[in-house]
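>>> Predicted model and sequence follow; I will ask about them next.
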Amino acid sequence: YFNKFWLDFTGRTLEQELGNGWAEGVHPDDLQRCLKIYTEAFDRRQPFKMEYRLRKADGSYAWISDHGIPHYSLNGEFLGYMGTCIDISEPKLMAETIKTQEDRYRSFFESSNDAIMLLTENGFFDCNMKTSEIFGCKTKSDFIACHPADLSPPFQPAGRDSVSAANEQIKIALKRGIIRFKWTHRRKNGKDFPAEVNLFAVDYRGEMALQAIVRDLSDKKETEQEKKSDYIQLLQNVTETTNSAKDLEEAIQNCLGLICRSIGWPVGHAYRYESFDFASCLIAAPSVDDDTRLVSTRQWHLDDPEKFKTFKEITEKTSFDLGAGLPGRVLASGRPEWVFDVTNNAFFPRFLGAQALGIRSGFAFPVFQGNIVVAVLEFFSSETVELNDGLLELMIKVSNKLSGIIHRKQTESELQRLKEVEQLLLTAADKENQ
């Protein structure tokens, strides 16, 4: 017997379902398993429970939880099974989705190059394999057995005791949900190492917990030394080109290429104060409209001119007033500026062109005539890059080199003017003596 709900659900007749006819609707991948469970239970006259996919009237499959209970007559004769079926498709799908997400997280968790650990106020309760490696523990269990205080020296480099400093960071993480900070950790062998810590507040099975991601910066220190060496070389190259360039325009063009090639950024461009003349290095008397406007110099360094053709066209048509866009911010502040992601920055007027071409991070720095910003050099990366204070400090030195050309040009012009005045005075004196 099958009730009307079963027949409507499967779209089959009672005659079709009787006997083993119902099994025709079971998904082929589940059929043998179901028959095995059913047959073994039937032979033993035992209850059974099984889950399988059953074909619906529309041809799709639904997950079914099937419960069978032996049914007997009043005199104890076995009559068969009384079965009930429940559609569990939705909870089954949800469970599979959760499992997939958990598998993905576990895969990320275990394959990460950073140490990832979970802890409550009672201590650590989980970590990935990289955690054991970074902290010098033989197994995960060895690490989990450690007290958090054992993983730091008594005092941090700034002199504050580690326990108090760590408790303060934990309070901030619990309040804000996340915090990132630099920290000195200690391996099990007693050796300290610099690290970057990301601390997240998470709900773990109804309990407040913390997830810590620790990145070992030991190798980064060596990289930073190499980067400093590269910066020194770049500054030497800039010094040579600014000393040998015949004018400011040539020096800026050379610097755009030097900087892009040194840091691996594909786009470099220069804006100038509209009233500033590159040839004379003088500011003409500005009009009311252009006294604080930056316009394109049409000087570029492009790793791939075809790729950035549209961005170049947009840029050369775009001028910037004081405070507008990345160049305008530099014009207003008189110092280098950095944008982490121009495509998410409402104050980057060219963001549509940047978005289409994959331009992400950018920075710019000023060039001065005296205390007036007369040019702005801007650079763009195809990837998001965190603020690099060291690079911006280097750009201040490059700015000084380029500004020095303007000062030198003005000094030469003034000397030439004085020579001309002297010559005029000498000529006038000769005529008077005659």
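Everything's here; your move.

>>> helices or strands up against the longest helix along the chain?
Longest helix of the chain, by residue count under DSSP state H: helix 389-433. Helices and strands touching helix 389-433, by 3 or more Cβ pairs under 8 Å, 6 or more residues apart in numbering; DSSP states H and E, are helix 218-244, helix 248-263, strand 362-369, strand 372-380. C-beta coordinates here come from the backbone N, C-alpha and C atoms, glycine included.

>>> buried sites along the second one?
When burial is assessed from 16 or more other Cβ atoms under 10 Å, helix 248-263 yields the following buried residues: 248-256, 258-260, 262-263.

>>> Equivalent analysis for the last one, please.
Neighbour-count burial for strand 372-380, counted by 16+ other Cβ under 10 Å, picks out 373, 374, 375, 376, 377, 378, 379, 380.

>>> try stretch 397-407
By 16+ other Cβ under 10 Å, the buried positions in stretch 397-407 come out as 398, 399, 401, 402, 403, 404, 405, 406.

>>> State the helix or strand in which the residue sitting nearest the centre point of the chain lies.
Nearest to the geometric centre of the chain sits residue 384, at 6.4 Å (Cα atoms, centre = their mean). Element membership of residue 384 [criterion: DSSP states H and E] is none; it lies in no helix or strand.

>>> Could you do residue 318 as well?
Judged by DSSP H and E, residue 318 forms part of no helix or strand.

>>> I figured it hits residue 293, correct?
No - between residue 318 and residue 293 there is no contact under Cβ atoms under 8 Å: 10.9 Å.

>>> Looking at these two, which is more packed in?
Legend: neighbour count by other Cβ atoms under 10 Å for residue 318 and residue 293, higher for residue 293 (20 against 17).

>>> Can you give me the distance of the more buried one to residue 343?
Distance, residue 293 to residue 343, by Cβ to Cβ, to the nearest Å: 25 Å.

>>> Kindly report the same for residue 11.
From residue 11 to residue 343 the distance is 52 Å (Cβ to Cβ).

>>> With neighbour numbers in mind, choose between those two.
For residue 11 versus residue 343, the count of surrounding residues by other Cβ under 10 Å is larger for residue 343: 16 against 13.

>>> Wait, a helix at that one?
Yes - looking at residue 343 with DSSP: H, G, I helix; E, B strand; the rest coil, it is inside a helix.

>>> Quickly note the distance from it to residue 360.
Taking Cβ to Cβ, one finds residue 343 at 6 Å from residue 360.

>>> cool, residue 255 as well?
22 Å.

>>> Lowest-scoring secondary structure element of the chain by mean pLDDT?
Scoring the helices and strands of the chain by mean pLDDT, DSSP states H and E places helix 351-357 at the bottom, with a mean of 62.

>>> Quickly name whichever of the buried residues of stretch 397-407 is closest to residue 126.
residue 398 (48.4 Å; Cβ to Cβ).

>>> so the closest one touches residue 237, yeah?
No - under the criterion of Cβ under 8 Å, residue 398 makes no contact with residue 237, lying 10.1 Å away.

>>> Tell me how many other residues surround residue 314.
Per other Cβ under 10 Å, the neighbour tally for residue 314 reads 16.

>>> Let me know whether residue 295 touches residue 319 as I believe.
Yes - counting by Cβ under 8 Å, residue 295 touches residue 319, with 4.8 Å between them.

>>> where do the contact lists of these two overlap?
Applying Cβ atoms under 8 Å, 6 or more residues apart in numbering, one finds that residue 295 and residue 319 are jointly contacted by residue 274.

>>> buried set for stretch 77-91?
Using 16+ other Cβ under 10 Å as the test for burial, stretch 77-91 gives 81, 83, 85, 88, 89.

>>> and if you look at stretch 44-54?
Of the residues in stretch 44-54, 48, 50, 52, 53, 54 count as buried by neighbour count, 16+ other Cβ under 10 Å.

>>> next one: stretch 204-222
By neighbour count on 16+ other Cβ under 10 Å, the buried set for stretch 204-222 is 209, 210, 211, 212, 213, 214, 216, 217.

>>> Which strand or helix spans residue 332?
Short version, using DSSP H and E: residue 332 is in helix 325-333.

>>> Quick check: mean pLDDT of the next helix or strand after that helix?
Per DSSP H and E, the first helix or strand lying C-terminal to helix 325-333 is strand 337-339. Mean per-residue pLDDT for strand 337-339: 92.

>>> Which neighbours in the sheet does strand 337-339 have, and how are they oriented?
Sheet pairing for strand 337-339, assigned by DSSP bridges, gives strand 362-369 (antiparallel).

>>> So what touches the partner strand?
Residues outside strand 362-369 that contact it (Cβ under 8 Å, 6+ apart) are 252, 276, 281, 283, 326-327, 329-331, 334-339, 342, 348, 373-381, 391-392, 395-396, 398-399, 402-403, 406-407, 410.

>>> please redo it, this time with the cut-off set to 7 Å
Applying Cβ atoms under 7 Å, 6 or more residues apart in numbering, the contact partners of strand 362-369 are 281, 283, 326-327, 330, 334, 336-339, 342, 373-380, 392, 395-396, 399, 402-403, 406.

>>> now the angle from that strand to helix 248-263?
Orientation of strand 362-369 against helix 248-263 (axes from the mean of the first three to the mean of the last three Cα atoms, to 10 degrees) gives an angle of 150 degrees.
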